[in-house]
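Q: Fold the following for me, if possible:
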Amino acid sequence: MTEKKKTSKNEEANNAESVNFEAAMAELEQLVKQMENGDLSLDASLKAFERGVLLTRQCQKSLAEAELKVKMLSADGVLEDLNLSDLDD
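A: As a prediction, this is how the structure comes out:
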């Protein structure tokens, strides 16, 4: 008999946090496709949904961190629209 290793919610959250933004987005897209196809059981759908929530939170955290870094790098901490004509100087 083989025994499946059960992961706790904390372990799953840590796994989501170890995925970079691009990988998290790719996994989210795959989860959405699987769920939209309707081929998953109820249990599998719930697990996919839960994983999607964890990945979404990680993506939001990554984006918030990136925005904070940009604000810190800007002179006054205010984000401004990029004007492409300023790049030509």
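
Q: which residues of this protein score low on pLDDT?
A: 1-17, 75, 77, 79-80, 82, 86-89 (pLDDT under 70).

Q: Check it for its longest helix and report it.
A: Criterion DSSP state H: the longest helix present in the chain is helix 42-73.

Q: The residue most central in space within the chain - nearest residue in space that isn't next to it in sequence?
A: Nearest to the geometric centre of the chain sits residue 59, at 2.9 Å (CA atoms, centre = their mean). Leaving aside its sequence neighbours, residue 59 sits nearest to residue 24 (CB to CB, 6 or more residues apart in numbering; 5.2 Å). In short, each C-beta sits where N, CA and C put it, glycine included.

Q: Now the one you found: which helix or strand?
A: helix 21-37 (DSSP states H and E).

Q: So which bits of that helix are buried?
A: Residues 24-25, 28, 31 are the ones in helix 21-37 that count as buried (16 or more other CB atoms under 10 Å).

Q: Which other helices and strands does it contact?
A: helix 42-73 (3 or more CB pairs under 8 Å, 6 or more residues apart in numbering; DSSP states H and E).

Q: Figure out how far the longest helix of the chain is from the centre of its chain.
A: 3 Å (CA atoms, centre = their mean, to the nearest Å).
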